[in-house]
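J.: based on what follows, work out the 3D shape:
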Amino acid sequence: MTAASEFPRRILAIASGMTPQVVTETLYALAIQSTPAFVPTEIQIITTLEGAERARLTLLDPATGQFHAFCQEYGLTGQIHFDEQCIQVMSGPAGPLSDIRTPAENVLAADAITAFVRQLCADPQAAVHVSIAGGRKSMGYYLGYALSLFGRPQDRLSHVLVSPPFETHREFYYPPAKPRVLFDSSGKPVSTADAQVQLAYIPFVR
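T.: Here you go, the predicted model:
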């Protein structure tokens with residue numbers, strides 16, 4: 001069987017919410033730490049209206065976007081397709097979902113996430129790596145559940161684990177190639193050299 005890292009199309013599919021850091025943290029774990037490395041050819045995000053805005057501003061800003069900074073630091077510039085068109089906002093009859101707070105919005109989210117995973121897994125030339133690290137807990141559950149329906153042997157499911165205090169640090173997006181000092185909520189300095197980012201693979205029934 002062809003290894004997932006050898007497929008011509010390699011997709012990181014992830015739900016994102018109030019913490020878009022999970023995108024670059026997962027990317028770091030896959031592309032830098034994993035052996036063999038799984039360097040996505042594209043990143044696809046499903047999220048809410050507010051989550052999309054956070055992802056655009058923090059990850060894709062031309063000057064300060066953390067995705068661009070990551071690619072530059074680790075020599076991946078131009079290798080991973082990820083732009084605003086790769087951010088899918090869940091929507092319903094009343095328009096895009098700003099959040100998932102009602103039973104009706106929950107149903108809409110389930111349908112949107114199922115369609116999202118089904119479409120990505122329909123390409124036989126693609127290996128899909130689904131992360132359940134971001135967004136509301138229900139979104140992660142739906143992603144994993146949908147992968148059970150549509151996942152193939154080359155597809156994977158995971159959750160990224162980040163050591164404290166970096167797990168909740170607003171300025172931490174990935175361990176930079178050159179460590180730097182951040183300050184936690186109490187003003188205590190912490191070095192990114194101490195950050196541990198690990199990928200927990202999750203078995204799922206196909």
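J.: who does G92 form a beta bridge with?
T.: G95 (DSSP bridges).
J.: the longest helix in the protein is where?
T.: Identified as the longest helix of the chain according to DSSP state H is helix 103-121.
J.: buried residues in that one, which are they?
T.: Residues of helix 103-121 classed as buried by neighbour count (16 or more other Cβ atoms under 10 Å): 105-106, 108-110, 112-114, 116-117, 120-121. For glycine as for every other residue, the C-beta is placed from the backbone atoms N, C-alpha and C.
J.: could you dump it to CSV, C-alpha only?
T.: What follows is helix 103-121, C-alpha atoms only, in CSV (Å, rounded to 0.1, in the frame of the first residue of the first chain):
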residue,chain,number,x,y,z
PRO,A,103,-29.8,22.5,18.1
ALA,A,104,-30.6,23.8,14.6
GLU,A,105,-27.1,25.1,14.1
ASN,A,106,-25.7,21.9,15.4
VAL,A,107,-27.6,20.0,12.7
LEU,A,108,-26.3,22.4,10.0
ALA,A,109,-22.8,21.9,11.3
ALA,A,110,-23.1,18.1,11.2
ASP,A,111,-24.3,18.2,7.6
ALA,A,112,-21.6,20.7,6.5
ILE,A,113,-18.8,18.7,8.1
THR,A,114,-20.0,15.5,6.7
ALA,A,115,-20.1,17.0,3.2
PHE,A,116,-16.7,18.5,3.7
VAL,A,117,-15.1,15.2,4.6
ARG,A,118,-16.9,13.3,1.9
GLN,A,119,-15.7,15.6,-0.8
LEU,A,120,-12.1,15.5,0.3
CYS,A,121,-12.1,11.7,0.5
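J.: low-confidence bits of the chain, can you list those?
T.: For the chain, the stretches flagged by pLDDT under 70 are 1.
J.: all strands for it, in order.
T.: For the chain, the strands defined by DSSP state E cover 9-16, 42-47, 87-89, 91-92, 95-96, 126-131, 156-162, 181-183, 189-191, 197-201.
J.: so can I have a markdown table of these showing distance to L59 and mean neighbour count?
T.: Putting the strands of the chain into a markdown table (distance: least, Cβ to Cβ, whole Å; neighbours: other Cβ atoms under 10 Å) gives the following:
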| stretch | distance to L59 | mean neighbour count |
| --- | --- | --- |
| strand 9-16 | 9 | 24 |
| strand 42-47 | 9 | 23 |
| strand 87-89 | 9 | 19 |
| strand 91-92 | 21 | 14 |
| strand 95-96 | 19 | 11 |
| strand 126-131 | 14 | 25 |
| strand 156-162 | 15 | 20 |
| strand 181-183 | 18 | 13 |
| strand 189-191 | 22 | 11 |
| strand 197-201 | 16 | 16 |
